[in-house]
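Engineer: Need a 3D model of the following:
(chains A and B)
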Amino acid sequence: MLKKDLILRNPLRLIGYEGDDILSDGQFGAVLARAGVGKTAFLVQLALNSLLRDNNVLHVSLNDPVDKVVLWYREVLADITKQYNVGQVDQLWEAILPHRFIMTFKVEGFSVPRLEERLNDLTEQGIFIPRMILIDGFVFDESKRDSLLHLKELAKSSHIHVWFAVRTHRSEKSDPGSIPRPLAQMAEMFEVAIQLQPEGDKIHVRALKGGAATATSHPELLLDPSTMLIRNKS
Amino acid sequence: MQNDIRKVRNIGISAHIDAGKTTLTERILYYTKRIHTIHDVKGKDNVGATMDFMELEKERGITIASAATYCEWNNHTINIIDTPGHVDFTVEVERSLRVLDGAVLVLCSVGGVQSQSITVDQQMNRYGVPCIAFINKCDRSGANPSRVIRQLREKLGHNAVAMQIPIGLEADFEGVVDLVAMKAFYFDGNNGEDIRVEEIPKELLSQAKEKREALIDAAAMFSDELTEAALEDDVSEDLLYEAIRRAALTREITPVLMGSAYKNKGVQPLLDVATKILPCPLDVKNEALDAENEEERVLLSADPKAPLVSLAFKLEDGLYGQLTYVRVYQGTLAKGDTIVNIRTGKKVKVGRLIRMHANQMEDIDITPAGYIGALFGIDCASGDTFVAPGTNLCMTSMYVPEPVISLAISPKDNKAEVNMSKALRRFTKEDPTFKTYVSKETGDTVISGMGELHLEVYVERMRREYDAEVTTGMPRVAYRETITRKAEFDYTHKKQTGGAGQFGRVGGYMEPTKEEDFLFENKVTGGAIPTQFIPACEKSFRKCLLKGPKMEFPVTGIRIVVNDGASHSVDSSEMAFQAASRGAFLEAYFKAKPVIHEPIMKVVVETPTEFQGAIMGSLNQRRGMIVGTQEEAHMCVIEARVPLAAMFGYSTVLRSATQGKAQFTMEFASYKEVPKTVSEELMKKAAEERKNVA
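Structural biologist: Numbers count the residues shown, from 1 in each chain, chains lettered A, B, ... in the order given. Modelled structure (predicted):
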């Protein structure tokens, strides 16, 4: 009951994605923002949305240790349950835990073949079979094109979709509505791109590609700067 | 005693069991003139090395318990904590590591980095203890210090840099070349006490220059000044030491020295480098927990004038009573002071303060911040914090988890019985998570603690240290019962047929609660149950909780509310209401859908990455839920939640699956409902046991 309550209130539906998952197998999504704007919090909300529906999520972090990633989940879940007045956080937490797996690497120690190796460790022994992978902290540059293509194939054959947190830089200006730099050269690989843009004291959630980007009218979404939770502008 | 805190070093000597750390410690004490003769660990003179003072340690040539001893070198005070090398004695090793500021990692030049060196290193890494490496036994056949340095880099991920090169190896090992001073050191005299400094032998000069370059390059990464000096080819000794020290303090460089303690070579230069490079108490940040403020972390200052904060890190039974080793982190501990034990709140007076030199002692008046001393005749437990009155800081968390596993033990003979009770008294003082009691049903002595290994270590220590041979039963997990829904009761106990009558009716409900293990509420109005009988009801309910009706496990997380009842003016009694409450409990308990809860442990496995898959598989097989994996260089940390019942024998499984290269820690996390299949199995087992008893 509780889980259902939260799923129905999921604000991501407002951004123009009617289906259960925004992405389908083998598809890539990107959450773009400058440092400190809320990429990780956004990814965690995407993950929780999936976890609440009992879908397995593999969270790969190249920045933070496992404990810190766990803390992100705890805080975001606590904020969500508080916002929607849902009690029994402990029960919810226990219910989603078996569906989440956290892997952390040092940035320099991470590579797609390595991830594949680890993924095989998990799937071959039936320990954990993810439906969604989140990769936080991946550094995008042209040299990574081949490995991303390889990941895309892997995702397709394993029936997984992948979300990336992409860090943009203040100094690199891009046209409004266009995909900013680190991702621009690889934009064709990504089916969905969502940008978090601070304006004044608000953080706007804008679809740059896929979903609401093509819809004619869609409600504008914001991130609550205090909790980094997604909410409707109204 | 040295009054300048910058000239104090609290160091540990840790290593794999046969790397020769006890011999090294012995030589250090000899050269610092703390002892005047040298005894071998497995000596024929029946004296043994000074740090190995427990009888059985002498016999077996190993170090079990850590002793703190102090010595002086080059105007520096060095407190040495001799740490055990056994992987199983981690509680003790980790407690010593808290007290250290720096460490010397002793490696065998033949055996190199062995699996237990990996364990010891991981522990040092966890506590961020800066270290220098000493490659011992260079006189042994097969000695190869460069291979050990390579292993330090590859297996432990250290940025290991040689500060010396050997002059000859194996039987030809003569001394070392110091790459900072660019001099050759030879060790003459019967016990290597006369150091002869000479020019570097010609055949080693080019190798020495090359290695010095490498040393300067590595150190220059952490000092711009050194980089500049190196470019101008004007590197002074002080500048080089300063750069190495800076990097070593953050574990970014591990300086490597070499020698042979047994052959009395290379020990004095090790002491020189230890005083120059390892941190003084001021270099290390120590934190305490504020007991008044939800255990918030508070930074301590090594100021001897600040209020006292000190940690009792080791207890020892001596001839004259209990000896308590104390490290002072803040303020000064002085003879005659009144100090407070934060755990018990008791004030104690410091009668005698001493400084230990293995098992000989020396009276002192004060122990200032940064120093290690020992208190005599003070009753406390290991891990207790002593502070100045008015201070409310503790060095370790006050939270002591409940034991999750128990084991019945029985002494083999009368002598063992006496020794066993002595040992148990000592262990319960040393370790708050270790408990013991006598089972009312079986009359067995039961020990309980935080894991299988935890209890195994104590059984082994009973045998070794107290000569108490005991037989052990099967370990038992501390399961619990709890209810999952509200259920009502209305029970009448009535016996009015002949003799004195009994009458009592108890009505109310029970429901699950998370607040406490047991809550009892009296909501009876209008005297339906006379007030004097209410305590009898509560007492009876409490008694019922000790052995749950489902599986005879203790019942927790239950709230019982009594709101109705009836009494008889003549036939009601405490006994009648106790019986009525028992009946009421049984009536409602099964309606409240009881379930069994089991302890779930937080298991953290540290392993070389190549075994990651196998370990995750092994945890999964044990009903484990893996929270995450963390990869760093060659090592990987796997964190999981695993039921304790499934962890029996895991250390053996892990060792054989990883060639002994992985280690795990386990601590209690929470209680969780057991899956249906397991619960059925437990019920079957309990039924069988009951049948056997009958």
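Engineer: phi, psi of residue B:231?
Structural biologist: Phi and psi for residue B:231, reported as degrees, to the nearest 10, are phi -60, psi -40.
Engineer: Helices of chain A, residue ranges please.
Structural biologist: Secondary structure of chain A (DSSP state H): helices at A:2-8, A:39-51, A:66-83, A:89-96, A:112-124, A:145-157, A:181-184.
Engineer: now residue A:111: how far from chain B?
Structural biologist: According to C-beta to the nearest C-beta, to the nearest Å, residue A:111 stands 11 Å off from chain B. For every residue, glycine as well, the C-beta is placed using N, CA and C.
Engineer: make that residue A:64, sorry
Structural biologist: Applying C-beta to the nearest C-beta to residue A:64 and chain B gives a distance of 10 Å.
Engineer: List the residues that contact the spatially most central residue of chain A.
Structural biologist: The centre of chain A sits closest to residue A:43, judged by C-alpha atoms, centre = their mean, with a distance of 3.0 Å. Residues near residue A:43 by C-beta atoms under 8 Å, 6 or more residues apart in numbering or on different chains: A:31, A:59, A:134, A:136, A:163, A:165.
Engineer: How about residue B:271?
Structural biologist: B:28, B:31-32, B:73-74, B:78.
Engineer: ok so, going back, and the helices of chain A: which comes nearest residue A:200?
Structural biologist: Proximity to residue A:200 (C-beta to C-beta) singles out helix A:39-51 among the helices of chain A, at 19.2 Å.
Engineer: how many degrees apart are the closest one and helix A:89-96 in direction?
Structural biologist: Angle of helix A:39-51 versus helix A:89-96, following axes from the mean of the first three to the mean of the last three C-alpha atoms, to 10 degrees, is 80 degrees.
Engineer: Please identify which two of the contacts of residue A:43 are farthest apart in space.
Structural biologist: Farthest-apart pair in the contacts of residue A:43 is A:31 and A:59; separation 13.4 Å (C-beta to C-beta).
Engineer: what's the host helix or strand of residue B:656 in contact with?
Structural biologist: Per DSSP states H and E, residue B:656 falls inside helix B:650-657. Helix B:650-657 is contacted from outside by B:88, B:452-453, B:605, B:611, B:614-615, B:618, B:622, B:662-664, using C-beta under 8 Å, 6+ apart.
Engineer: Residue B:433 contacts residue B:451, correct?
Structural biologist: No. Residue B:433 is not in contact with residue B:451 according to C-beta atoms under 8 Å; the separation is 9.4 Å.
Engineer: Just want to know which of the two has more residues nearby.
Structural biologist: Counted by other C-beta atoms under 10 Å in any protein chain shown, residue B:433 and residue B:451 do not tie: residue B:451 has more neighbours, with 26 against 19.
Engineer: Check the gap between the residue in the stretch 351-500 of chain B that chain A sits nearest to and residue A:87 for me.
Structural biologist: In the stretch 351-500 of chain B, the residue that lies nearest chain A is residue B:484 (12.0 Å; C-beta to the nearest C-beta). Distance check for residue B:484 against residue A:87: by C-beta to C-beta, to the nearest Å, it reads 17 Å.
Engineer: rewinding a little: within reach of chain B, which of the contacts of residue A:43 are there?
Structural biologist: Of the residues in the contacts of residue A:43, proximity to chain B by C-beta under 8 Å from any C-beta of the partner chain holds for residue A:59.
Engineer: Give me every residue in chain B lying close to chain A.
Structural biologist: Proximity of chain B to chain A (C-beta under 8 Å from any C-beta) is limited to residues B:612-613, B:616-617, B:620, B:625-633, B:637, B:639, B:672.
Engineer: Just the buried subset of the contacts of residue A:43, please.
Structural biologist: Neighbour-count burial (16 or more other C-beta atoms under 10 Å in any protein chain shown) is assigned, among those, to A:31, A:59, A:134, A:136, A:163, A:165.
Engineer: In contact with residue A:28, which residues?
Structural biologist: By C-beta under 8 Å, 6+ apart, residue A:28 lies in contact with A:148, A:152, A:155, A:161-164, A:189-192.
Engineer: can you do 7 Å?
Structural biologist: A:152, A:162, A:164, A:189-191 (C-beta atoms under 7 Å, 6 or more residues apart in numbering or on different chains).
Engineer: Test of understanding: give the bridge partners of it.
Structural biologist: As for beta bridges, residue A:28 partners with residue A:162 under DSSP bridges.
Engineer: Likewise for the one 5 residues further on?
Structural biologist: When assigned by DSSP bridges, residue A:33 has beta-bridge partners residue A:167.
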